[in-house]
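Engineer: Just to be clear, the model below is a prediction. Sequence and coordinates:
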Amino acid sequence: MAVRVYLAGPMHGCGDAQARDWRHLVADELAKAGIETLDPSDLGDYRGRENDVDPGMVVSNDLAAIASCDVVLANCWRPSYGTAMEIAIAQREHGIDVITVVPDTRKVSPWLRAHSTKVVGSLARGIEIVIGAHAQQGRGDGRAVPPAARSTVGT
């Protein structure tokens, strides 16, 4: 069974380069390893129309997408209400592994650490962990991220 990855990260107040470019880069890299990604901006890009969309529909679509995935890769290059909620819900309600990317692993909120399986300092490292999890699928405890890669903050 292939690992499916939800690509969480800020969208509100972001331009295309900030909201989408990194997602395309990650999706391309993971696809080379046979890993499917789910980009929430493909479900509906509401940027610039925040007050014109049904917020319940946006949230419901994103939560259903998260529940259909095995891993959340969260690019937390800046604070985001939506990303924080996606991380917490994925981990708390669904037991989904969350790989969180932050610019400085020395300064990570206890809330973010508590809801992340692994915190890393670069997208490249997050991609490596997801690819490693894909290679280990079926050889561990049934979770997407192998036990050796969990529970620590690292680079």
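Structural biologist: Right, received. Where do you want to start? Residues are numbered from 1 along each chain as shown.
Engineer: Return the residues in contact with Asn75.
Structural biologist: Counting by Cβ atoms under 8 Å, 6 or more residues apart in numbering, Asn75 makes contact with Leu7, Ala8, Gly9, Pro10, Trp22, Arg23, Val26, Val101, Leu123, Gly126. (Glycine included, C-beta is placed from N, CA and C.)
Engineer: which one of the residues you listed has the most neighbours?
Structural biologist: Ala8 (31 neighbours; other Cβ atoms under 10 Å).
Engineer: Is it correct that it is in contact with Met85?
Structural biologist: No. In this structure, Ala8 is not within contact of Met85 by Cβ atoms under 8 Å, at 9.5 Å.
Engineer: Out of the contacts of Asn75, name the ones that lie in helices.
Structural biologist: Under the assignment DSSP state H, the contacts of Asn75 contribute Trp22, Arg23, Val26, Leu123, Gly126 to helices.
Engineer: For these, name the two members farthest from one another.
Structural biologist: Taking Cβ to Cβ as the measure, the ones in helices among the contacts of Asn75 span a maximum distance of 12.2 Å, between Arg23 and Gly126.
Engineer: In the helix or strand where Ala84 lies, which residues are buried?
Structural biologist: Under the criterion DSSP states H and E, the helix or strand holding Ala84 is helix 81-94. Buried positions in helix 81-94, judged by neighbour count with 16 or more other Cβ atoms under 10 Å: Gly82, Thr83, Ala84, Glu86, Ile87, Ala88, Ile89, Ala90, Gln91.
Engineer: what's the span of stretch 27-37, first residue to last?
Structural biologist: For stretch 27-37, the first-to-last residue distance is 6 Å (Cα to Cα, to the nearest Å).
Engineer: do stretch 28-40 as well
Structural biologist: Stretch 28-40 end-to-end distance (Cα to Cα) = 16 Å.
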